[in-house]
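Trainee: Pasted the sequence and its predicted model underneath.
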Amino acid sequence: MKSKTVALILSIFLGELGIDRFYVGKVGTGILKLLTAGGLGIWWLIDIILIATNNFTDKYGNKLR
């Protein structure tokens, strides 16, 4: 199980590099997020909101704890 707190901190500070996606095992989207600078900031912001509202999942579909 991945930590919601760790994922949120990673997303806030390193989310534009896709580090939050790598942390939860979503390597493919992590690379895309890295190459697009967090989707020009939009994807980065959406991920922060999803993690904060507990609607973000790891690569197996499990909610973060």
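Mentor: It's in. These numbers were taken from a predicted model, which means no experiment stands behind them.

Trainee: distance between the one helix or strand in the chain whose mean pLDDT sits lowest and the chain's centre?
Mentor: Within the chain, confidence by mean pLDDT, DSSP states H and E is lowest for helix 37-40 among all helices and strands, at a mean of 91. With C-alpha atoms, centre = their mean, to the nearest Å as the basis, helix 37-40 stands 12 Å off its chain's centre.

Trainee: what helices or strands is that helix leaning on?
Mentor: Helices and strands in packing contact with helix 37-40 are listed as helix 42-52; criterion 3 or more C-beta pairs under 8 Å, 6 or more residues apart in numbering; DSSP states H and E. In this view, the C-beta of every residue, glycine as well, is placed from N, C-alpha and C.

Trainee: Going by neighbour count, which residues of the helix it packs on are buried?
Mentor: Using 16 or more other C-beta atoms under 10 Å as the burial criterion, the residues of helix 42-52 that qualify are 43, 44, 47, 48, 50, 51.

Trainee: Please identify which of the residues you listed is nearest to residue 14.
Mentor: Proximity of these to residue 14 (C-beta to C-beta) peaks at residue 44, which lies at 9.6 Å.

Trainee: what pLDDT does the closest one get?
Mentor: For residue 44, the pLDDT comes out at 95.

Trainee: any idea how far it lies from residue 27?
Mentor: Noted for residue 44: a distance of 17 Å to residue 27, by C-beta to C-beta, to the nearest Å.

Trainee: Equivalent analysis for residue 61, please.
Mentor: Taking C-beta to C-beta as the measure, residue 61 falls 16 Å from residue 27.

Trainee: Out of the two, name the residue with the larger neighbour count.
Mentor: Neighbours of residue 61 and residue 27, each counted by other C-beta atoms under 10 Å, are more numerous for residue 27; the result is 12 against 6.
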